[in-house]
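# What follows is a predicted structure for the sequence shown.
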Amino acid sequence: MSKLGRIGVYPGSFDPVTNGHLDIIKRASRLFDKLIVGVLNNNFKNPIFTMEERVALIGKCIMELPNVEVKMFNGLLVDFVKDNGASTIVKGLRAVSDYEYELQMAMLNKHIDNDIETIFLMSDIQNSFLSSSIVKELAKHGGDIKGLVPDEVVDDITSMMQQRFKMQEET
């Protein structure tokens, strides 16, 4: 398969990383010389994990992908893309509802900088229902998250979630 070349950016909150995210990372890594996973704080979400924890969790999952790196960022995605010498934003889509929102964001980013493209990768059917919110809710209530998040981080996420919710119950 030939690569699009250059540098791509796959942004998200990844709170926490799921098998759906990892699938998009692996597939996108084959399209670019370098893929940067950009971890951000989404003002519309209340993250459970710190940015540093999210970067570390993703880092454990991408060790076999030499052309992928993980970075934190705040501010405009377009600025992060330009600051890293990238020209393409990668977005994963699970459903039509994702497409409507992501298309709006892609058009806004294009308006801000006409040289930056957005490509959409469809979710694998087995991950089409999966979201970080579902994983957090399941883990919060002691459910088994195996098969939903990468094997490398199942224990980490489970123990972190137990700590977070134990602390909340105590306060």
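Here it is on my side, so go on. Only a predicted model underlies this, so the values are computations on that prediction, with no experimental measurement involved. Numbers count the residues shown, from 1 in each chain.

# Can you give the distance of the lowest-mean-pLDDT helix or strand in the chain from its chain's centre?
Every helix and strand in the chain was compared by mean pLDDT, DSSP states H and E; the lowest is helix 154-170, with a mean of 81. Helix 154-170 has its C-alpha centroid displaced from the chain centroid by 21 Å (CA atoms, centre = their mean, to the nearest Å).

# ditto for stretch 94-104
Between the centre of stretch 94-104 and the centre of its host chain there is 15 Å, according to CA atoms, centre = their mean.

# Report the mean confidence score over that stretch.
Here stretch 94-104 scores 90 as its mean pLDDT.

# just to revisit the earlier point, now for the least confident helix or strand of the chain, which elements pack on it?
With contacts defined as 3 or more CB pairs under 8 Å, 6 or more residues apart in numbering; DSSP states H and E, helix 154-170 has these neighbours: helix 51-61, helix 132-140. C-beta coordinates here come from the backbone N, C-alpha and C atoms, glycine included.

# any idea how far the longest one is from the chain center?
In this view, helix 51-61 has its centroid 10 Å away from the chain centroid, taken as CA atoms, centre = their mean.

# ok so, going back, closest to Ile112 out of the helices and strands packed on helix 154-170?
helix 51-61 (23.2 Å; CB to CB).

# Would you map the strands across this structure?
Assigned by DSSP state E, the chain shows strands spanning 7-12, 34-40, 68-73, 88-93, 117-122.

# Just send those strands back as JSON lines, with distance to Ala28 too.
Below are those laid out as JSON lines (distance: least, CB to CB, whole Å):
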{"stretch": "strand 7-12", "distance to Ala28": "6"}
{"stretch": "strand 34-40", "distance to Ala28": "5"}
{"stretch": "strand 68-73", "distance to Ala28": "8"}
{"stretch": "strand 88-93", "distance to Ala28": "5"}
{"stretch": "strand 117-122", "distance to Ala28": "6"}
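
# Of all those, which one is nearest Arg164?
Across the strands of the chain, closest to Arg164 is strand 34-40 (CB to CB), at 18.1 Å.

# if we can go back for a sec, can you lay out the strands of the chain as a markdown table showing distance to Glu53 and mean neighbour count?
Shown next, in a markdown table, are the strands of the chain (distance: least, CB to CB, whole Å; neighbours: other CB atoms under 10 Å):
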| stretch | distance to Glu53 | mean neighbour count |
| --- | --- | --- |
| strand 7-12 | 14 | 23 |
| strand 34-40 | 10 | 23 |
| strand 68-73 | 11 | 18 |
| strand 88-93 | 21 | 22 |
| strand 117-122 | 25 | 16 |
